[in-house]
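Undergrad: got a sequence here, can you build the structure:
(one chain, ligands or ions: 1)
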Amino acid sequence: MNLFKQLQRRLKSVNRNCVSMCLTLVITLYYSSAFSETGYRLWMRYDRIENNKQLEQYRSQLQTINFQGHSITAQVAKKEISSAFNGLLGTEPKVTLSSSASLLIGTPENSPQIKSLITPKELLNLSDGYLVKTFHNKGQQQIVIAGLTEKGVLYGVFHLIRLMKTQQSLSALTIREIPSIKNRVLNHWDNLDGTVERGYAGTSLWEWHKLPGFTQTRYTDYARANASVGINGTVLNNVNANALSLTKPYLLKAAALANVFRPYGIKVYLSARFSSPIEIGGLKTADPLDPEVKRWWSMKVKEIYAYIPDFGGFLVKANSEGQPGPQNYGRSHADGANMLADALAPFDGIVMWRAFVYDDKVPDDRAKQAYNEFKPLDGKFRANVLVQVKNGAVDFQPREPFHPLFGAMPATPLMMEFQLTQEYLGFSTHLAYLGTLFKETLAADTYAKGKGSTVADVVTGKLDQHQLTGIAGVANIGSDVNWCGHPFAQSNWYSFGRMAWNPGLSATAVADEWIRMTFTNDINAIATIKEMMMGSRETIVNYMTPLGLHHIMARNHHYGPGPWVKDAGRADWTSVYYHKADAVGIGFDRTATGSNAIAQYSPDAAREFADLANIPDKYLLWFHHVKWSDKLRSGNTLWDELVSHYYLGVRDVAKMQSQWKAMAGKIDEDRFKEVAELLEIQHEEAKWWRDACVLYFQSFSGLPIPASYEKPAHDLAYYENLRFYFVPGIKN
Ligand code: GCV
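TA: Alright, predicted model coming up:
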């Protein structure tokens, strides 16, 4: 609790005479101007509920609490509820052992009251889920939070807090929540030197140098935030892994973090460098079929579990972008994954083997390569292997159609990989709510088993009855005081967790929750901020990569536009490879006349993508090379439509700016100012993207920018010659 709150509380408890009230007012005014709203508290802000009627109602409904359970998880749940109630209500319910307490919390095992109130049927298959129910008995109301596990109880506690923070009624609750996906994991691309690959929010959270001796309180706050949205795993280090992570000193550091996260139900995982047996084990090979190599990994895994008894397992990037892997020894991805899986199996550990593979030596469309490689391996992986697939087939672009592997490997559990860090969506200066992107992918129909076989059904295991399920988000978290760089980027951490728990949630419902918990419960402000968020990703698509364009950013650091990039050492790292603009038209022909990537989708999905009359405009240039003069559904030619999207994108940023201006006075000044300034940067950068792309593509189409549009500020050469140094997210 900060000094301000302590003083406020002390003054209140002394006496309520006029003097103390005046003093409270003075101190409030002083400290509210002295302490800034940094955003550190994320959506976990426990400030007094401002709606007095609601406040009084909660106070009367939550007078006494009977919370059973003594585990480390129960302890942190108790602590959380105590600080939430203190902050939100300004008072804590009285702790009691009475069965008539207004709030009963526990498991049927540790709470006889819960055992008598909740039927076994209600608890059936609850796993780490929970119930939150209101009972009415002889005119008395009682709220019960019950879980089968203490982790479930902790999640239930966070649910109740969420209800209060979003000011929902507690009078008739019948909530039964079960996580749809078992492993809900953040992937940190954090390097041991403190840098974060594609990180735009400062440096790594992990102070490797001070670990294991010193664990900062921030690690606990990180765990609290994750648990509050149901995230239950974290991969600490970059997939471009350093083998040192698996040496004893670093394992002890990882163990110290695991100790902090454990009470919050969060397991630690590590990215494993495939060549570790050579680099730190002194072996001559890392061949997965070599008995010495197998033995080395078994011993290494045993050692890890000695330090971290609940270690989650390994994440592996192999034979991709220069990383070592089983193919170096003529072995398959399944050989590599299975060797690690065998080492982890005795400890219930899992392998998350990434399908993000492509090679410029392979003479096929990059978008096809993961499927080509992995589809034939379907069913060949051990039971404790998840194949981790990016949401789209290229690389986290502002928009991609769903990855064709979803629905194509029924005998293998596939894990979704989303990118929360905004590598291709404006870093941490552009406002992008990605709940809409997550939802678009999860709701996409693979048609794998007929209409309605959504990507979410693949990932939750529902489609092919897999028990082992997973979802990963490449973290956007760093040492920045507000964790994510942009105040709105926090919503992507939040929505990833919420949708990982329940992919059925709508993007708008999640945005609504997040706004209420992070900014305000003011209905008008919520409506405006929600409108900004819901349109924000489409706005970015419009000024960066409309109509299915992709991978046209600047080379290497990926900051800003670079549709002209052509000499990158390898074709699949250029932009011209993807947009294929020429005098006739633009777009990548992935139909049967081109790379035929379309054939990797099931026939119904493929038919829709192949048919120019049916394909949604948003995927047009992903799959088709279209003539500049062709008419689209809008009646516009492709050229006019393309230009209008670029201009619309910039206009919509200006609209967000004016919407945000209207929030003055509705939210705190600090975050208001921060977002306003970032939107100004975004507006400038949106114009930069628009002008650079429109001028570049015009050099092929030879067609005019309609006179009604503002002229680009510079000529094409100006944009092509811009150079940037020390851009965050890469090692310069
Ligand atoms: C961790 C893209 C990024 C790389 C990243 C890679 C991956 O290529 O630019 O920085 O590497 O994806 O997902 O492995």
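
Undergrad: tell me how far the closest residue to residue 170 other than its chain neighbours lies from the ligand.
TA: Once flanking residues are discounted, residue 170 sits nearest to residue 61: 5.5 Å by Cβ to Cβ, 6 or more residues apart in numbering. C-beta coordinates here come from the backbone N, C-alpha and C atoms, glycine included. As judged by Cβ to the nearest ligand atom, to the nearest Å, residue 61 and the ligand stand 48 Å apart.

Undergrad: cool, and residue 450?
TA: Taken as Cβ to the nearest ligand atom, the span from residue 450 to the ligand is 32 Å.

Undergrad: dig out what that residue forms beta bridges with.
TA: residue 448 (DSSP bridges).

Undergrad: okay, it: pLDDT?
TA: Residue 450 is assigned a predicted lDDT (pLDDT) of 97.

Undergrad: what do you get for residue 402?
TA: Predicted confidence (pLDDT) for residue 402: 98.

Undergrad: leaving out sequence neighbours, find the closest residue to it.
TA: Using Cβ to Cβ, 6+ apart, the nearest residue to residue 402 is residue 444, at 4.2 Å.

Undergrad: could I get the phi/psi values of that neighbour?
TA: phi -60, psi 140 (degrees, to the nearest 10).

Undergrad: do residue 131 as well
TA: According to degrees, to the nearest 10, residue 131 has phi -120, psi 140.

Undergrad: could you pull up the residues touching the residue nearest to residue 402?
TA: Listed by Cβ atoms under 8 Å, 6 or more residues apart in numbering, the contact partners of residue 444 are 401, 402, 406, 454, 455.

Undergrad: just the ones in helices from those, please.
TA: residue 455 (DSSP state H).

Undergrad: from the contacts of residue 444, which two are the most distant?
TA: The distance between the two most remote of the contacts of residue 444 (Cβ to Cβ) is 13.6 Å, for 401 and 454.

Undergrad: same for the longest helix seen in the chain, what does it pack against?
TA: Ranked by number of residues, the top helix in the chain under DSSP H is helix 669-701. Packing partners of helix 669-701 (3 or more Cβ pairs under 8 Å, 6 or more residues apart in numbering; DSSP states H and E): helix 523-544, strand 585-586, helix 638-661, helix 716-720.

Undergrad: deepest-packed of those, please.
TA: Comparing the helices and strands packed on helix 669-701 by mean neighbour count (mean count of other Cβ atoms under 10 Å), strand 585-586 ranks first with a mean of 22.

Undergrad: identify the residues contacting that strand?
TA: 549, 579-580, 621, 625-628, 630, 638, 642, 697, 700-701.

Undergrad: so how far is that strand from its chain's centroid?
TA: The chain centre lies 34 Å from the centre of strand 585-586; the measure is Cα atoms, centre = their mean, to the nearest Å.

Undergrad: direction included, what does it pair up with?
TA: strand 626-627 (antiparallel).

Undergrad: hmm, who's touching the partner strand?
TA: Against strand 626-627 from outside (Cβ under 8 Å, 6+ apart): 584, 585, 586, 587, 612, 620, 638.

Undergrad: do you know the pLDDT at the first one?
TA: This means residue 584. Value for residue 584, per-residue pLDDT: 98.
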